[in-house]
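> Below: sequence and its predicted model.
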Amino acid sequence: MAKTCSGAKVSAATMLESIEHLQSVWPYSVEVLVFPYEHPSTNYDEKNCEDFDKDYTKTGRKIYMMELAILNGPNTHPMFKFLKDVMGVEDLSLDTTQYFVMSPDVDAFEYHYGKSLLDMKDVLREKVKELDPSDEL
């Protein structure tokens, strides 16, 4: 999730509430980790990002808010370094949404980009069915 600041089309609160809603559909089958990052085209020193900071650190969330991550370059977060190594890519595009769906044993994952949360709900529905065919959600 790109760090947002004042003037963004969608607030951080709205995005995080939508992600929490997605996770709430399968509260015992799906865990969500959000890795916020600073988009390289944004000058964060000139922006007011107080709302993001407040929503990012809000306690009691049902999703996991991870540390601010670097997704590309020499200081890439270890999780994204691993994922990019497995995928055989140098850099992730930061101009579109990105989701990684991992199996419970982290022995398989899928990369989804350019999808909405509604699209991801459909993807997760299929994945949960594979894990538990009796789940009718």
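Received the coordinates, thanks. Numbers count the residues shown, from 1 in each chain.
> So for stretch 75-87, mean pLDDT?
Stretch 75-87 shows a mean pLDDT of 93.
> what bits of this protein have low per-residue confidence?
For the chain, the stretches flagged by pLDDT under 70 are 133-137.
> now the strands for it?
Along the chain, the stretches classed as strands by DSSP state E are 33-34, 64-65, 98-102, 109-113.
> and the residue nearest in space to the middle of the chain, what does it touch?
By C-alpha atoms, centre = their mean, the chain has its centre lying nearest to residue 34, at 4.1 Å. Going by C-beta atoms under 8 Å, 6 or more residues apart in numbering, residue 34 touches 1, 16, 19, 63-66. For glycine as for every other residue, the C-beta is placed from the backbone atoms N, C-alpha and C.
> same thing but at 7 Å, please
Counting by C-beta atoms under 7 Å, 6 or more residues apart in numbering, residue 34 makes contact with 1, 19, 63-66.
> now do residue 70
Applying C-beta under 7 Å, 6+ apart, the residues near residue 70 are 37, 76-77.
> can you do 10 Å?
Counting by C-beta atoms under 10 Å, 6 or more residues apart in numbering, residue 70 makes contact with 35, 37-38, 76-77, 80-81.
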